[in-house]
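A.B. asks: Build the 3D model from these lines:
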Amino acid sequence: MNPSAVVEPPRPDVVPPEPYTFPEARRRTLPNGLDVVVYDVPGQYVHSVRVSIPLPLSRELRDKEGVATIMARTLDEGTANHSSSEFALLLERKGVALGAGASEAGISVDVDVAKRHLEYAMDLLRQALTEPSFPAAEVTRHVKQRLAEIEQERSVAAQRGAIELIATFFEGSERASRPTAGSRETVAAISREDVVAFHSREGSPVGATVVLAGDLDGVDAFAVVEAALGGWTAPDGWEAPPQPVAARTAANRARVVVVDRPGSVQTELVVATNGPDRRVEGGWSPYPVLGFVLGGSPNARVDAVLREEKGYTYGIRSIFRPRRRGGLFLTSGSVRGDVTVESLDILLTILDGARQGFTDVETKQGVDYIAMTAASRYATADAIADEAATLAFEGLTTQFTTETLRDLADVDAERLGDAYGRFADGEWTVVVVGDAGAHVDGIRALPHAAARDVTVVSG
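C.D. replies: Purely as a prediction, here's the structure:
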């Protein structure tokens, strides 16, 4: 056969992928008020269970802040029928991973287990949620551990900066102005009786959500969840938390606070202003794109200068961080100590200059990154469950994620600029963790509004 006579089949056209669609959820509310959401993810034989219990930190007593965190961390430290060590052995016996924590939105409990042991794991989850014993020795141990964390947080520049940021940004009476897991004074005051009382008062299934994701072939997911948690009831006299409102910001938040670390050869920079929550008018989709374009990669605006051109940093990142109501726009990272003032000047100039708009090229790069990585971000059962559980705190479903990803197709440079300008008004809260003696005079001389008010606090 003459090779030249061979006719190759036509090549298919290369077209952009369709927007990612989140797996379809099935939903049911149990008679006790517990919402159940299940995702069938074929081939995912490790099941992920997530429990979201809306419980704002404002429900803590002011002098016992951190009790929600201690309660969450001790849920698996023994139950009515098992000691702490016995319960740990029960988890290990079938490879059940169980963990819990507290955030500004509420209590989260995570369980991951092989499909064949799902019912076993759900029973352990039931015991942890409904009949924890909170042994005094374990509560004391976790209180000591949290106190050690607090000391470590003060020693790590990024964490020290985050603590100072919320104290500066939010009005002092707001719970948001203080650490989620409590301060040294409030945590040290927490006893077993405080943890038991908090759980007895606040541990309710009403309005809580259980998410189950994994391969559900042959599994009656709703029956499994109801068998385990259908008997969970609200405490006598329980009152539903009020609807969330945005935390008030401090009247003098637009300033620079320098956390003094004499002799520090590296400086942590944190710059913040108001941001949106996911219900923002005009849609959430521009905001992840903005985070990427400004500080989401080595080619983003900030790192293109401070990292690639100047070599002052390993990386500075920007993110819009939503809360249940309201949110923050944060840019943070560390720079060489000897270029602190110049780096802060460059950073604020870039952030202020972004109000002039964005190019079509960088807009497309940001949109493509957020849209085209979605399939890999949500490829596993745990990622699906995590997304659903996070959104449940805000009264949203993963249909929100699907709609946001589809809306990216309509995000152009003009819409991106409008979204940024709506929140980035130049009223920056700046925290600098570094050598105050070496940097304060230079910061005060910067031509930025925030630098007109510079305060130095102890590191």
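A.B. asks: what sits against the most centrally placed residue in the chain?
C.D. replies: With the centre of the chain defined as its mean C-alpha position, the nearest residue by C-alpha atoms, centre = their mean is residue 321, 7.4 Å away. By C-beta atoms under 8 Å, 6 or more residues apart in numbering, the contact set of residue 321 is 275, 327, 328, 329, 330. In short, each C-beta sits where N, CA and C put it, glycine included.
A.B. asks: In this protein, which helix is the longest?
C.D. replies: Criterion DSSP state H: the longest helix present in the chain is helix 136-155.
A.B. asks: Packing partners of the next helix or strand after it?
C.D. replies: Reading on from helix 136-155 to the C-terminus, the next helix or strand found by DSSP states H and E is helix 157-169. In terms of contact count using 3 or more C-beta pairs under 8 Å, 6 or more residues apart in numbering; DSSP states H and E, helix 157-169 is assigned the packing partners helix 136-155, strand 256-260, strand 266-275, strand 327-336, strand 429-434.
A.B. asks: can you state the direction angle for the third one and helix 157-169?
C.D. replies: Relative orientation of strand 266-275 with respect to helix 157-169: 40 degrees, computed using axes from the mean of the first three to the mean of the last three C-alpha atoms, to 10 degrees.
A.B. asks: same deal with the first one?
C.D. replies: What separates the directions of helix 136-155 and helix 157-169 is an angle of 90 degrees, with the same axes, to 10 degrees.
A.B. asks: Show me the contact partners of helix 136-155.
C.D. replies: Helix 136-155 has contacts (C-beta under 8 Å, 6+ apart) with 66, 69-70, 73-74, 77-78, 84, 159-160, 163, 179, 181-184, 187-188, 190-192, 195, 459.
A.B. asks: Buried ones from the residues you listed, can you make that a ChimeraX selection?
C.D. replies: Typed into ChimeraX, the next command selects the buried ones out of those (criterion: 16 or more other C-beta atoms under 10 Å):
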select :66,69,70,73,74,77,78,84,159,160,163,179,181,182,187,190,192,195,459
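A.B. asks: Do a quick rundown of the helices in the stretch 1-150 of the chain.
C.D. replies: With DSSP state H, counting those that start in this stretch applied, the stretch 1-150 of the chain shows helices at 67-73, 84-93, 118-130, 136-155, listed in chain order.
A.B. asks: what's the distance between the nearest residue to the residue nearest to the centre of the chain once chain neighbours are set aside and residue 206?
C.D. replies: Closest residue to residue 321 in three dimensions, ignoring its sequence neighbours and counting by C-beta to C-beta, 6 or more residues apart in numbering: residue 328, at 4.8 Å. In this view, residue 328 and residue 206 are 30 Å apart by C-beta to C-beta, to the nearest Å.
A.B. asks: In terms of neighbours, single out the busier of those two.
C.D. replies: It is residue 328, of residue 328 and residue 206, that has more neighbours when counted by other C-beta atoms under 10 Å, with 23 against 15.
A.B. asks: circling back to that earlier point, most tightly surrounded among the helices and strands packed on helix 157-169?
C.D. replies: Mean neighbour count (mean count of other C-beta atoms under 10 Å) peaks for strand 429-434 among those, with a mean of 27.
A.B. asks: what's downstream of that strand, the next helix or strand?
C.D. replies: Next helix or strand after strand 429-434 toward the C-terminus (DSSP H and E): helix 436-444.
A.B. asks: What lies in contact with that following helix?
C.D. replies: The contact list for helix 436-444, computed with C-beta under 8 Å, 6+ apart, reads 256, 258-262, 267, 337, 340-341, 344, 432, 451, 454, 456.
A.B. asks: circling back to that earlier point, could I get the helices of the stretch 1-150 of the chain as CSV with distance to residue 284 and mean pLDDT?
C.D. replies: Conversion of the helices of the stretch 1-150 of the chain to CSV gives the following (distance: least, C-beta to C-beta, whole Å; pLDDT from 0 to 100):
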stretch, distance to residue 284, mean pLDDT
helix 67-73, 27, 98
helix 84-93, 37, 98
helix 118-130, 31, 98
helix 136-155, 30, 97
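A.B. asks: Including distance to residue 18, could those helices go into TSV?
C.D. replies: Listed next are the helices of the stretch 1-150 of the chain as TSV, based on distance: least, C-beta to C-beta, whole Å:
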stretch	distance to residue 18
helix 67-73	39
helix 84-93	41
helix 118-130	32
helix 136-155	44
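A.B. asks: List just the one of those that sits closest to residue 20.
C.D. replies: Closest approach to residue 20 among the helices of the stretch 1-150 of the chain (C-beta to C-beta): helix 118-130, 26.9 Å.
A.B. asks: Averaged pLDDT, stretch 323-335. What do you get?
C.D. replies: When pLDDT is averaged along stretch 323-335, the result is 97.
A.B. asks: would you put the C-alpha positions of it in PDB?
C.D. replies: These are the backbone C-alpha positions of stretch 323-335, laid out as PDB (Å, rounded to 0.1, in the frame of the first residue of the first chain):
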ATOM      1  CA  ARG A 323     -17.500  34.600  57.400                       C
ATOM      2  CA  ARG A 324     -21.100  33.700  58.000                       C
ATOM      3  CA  ARG A 325     -21.900  37.400  57.500                       C
ATOM      4  CA  GLY A 326     -19.300  39.800  56.100                       C
ATOM      5  CA  GLY A 327     -15.700  38.800  55.600                       C
ATOM      6  CA  LEU A 328     -12.100  39.900  55.200                       C
ATOM      7  CA  PHE A 329      -9.700  40.600  52.300                       C
ATOM      8  CA  LEU A 330      -6.300  39.500  53.500                       C
ATOM      9  CA  THR A 331      -2.800  39.800  52.000                       C
ATOM     10  CA  SER A 332       0.000  38.300  54.100                       C
ATOM     11  CA  GLY A 333       3.500  36.900  54.000                       C
ATOM     12  CA  SER A 334       7.100  37.400  55.200                       C
ATOM     13  CA  VAL A 335       9.900  39.500  53.800                       C
END
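A.B. asks: contacting residues around the residue nearest to residue 276 when sequence neighbours are not counted?
C.D. replies: Spatial nearest neighbour of residue 276, chain neighbours left out: residue 327 (5.3 Å); criterion: C-beta to C-beta, 6+ apart. When contacts are counted by C-beta under 8 Å, 6+ apart, residue 327 is found next to 274, 275, 276, 277, 320, 321.
A.B. asks: Pull up the gap between residue 327 and residue 131, please.
C.D. replies: If you go by C-beta to C-beta, the gap between residue 327 and residue 131 works out to 37 Å.
A.B. asks: No further queries at this time; thank you.
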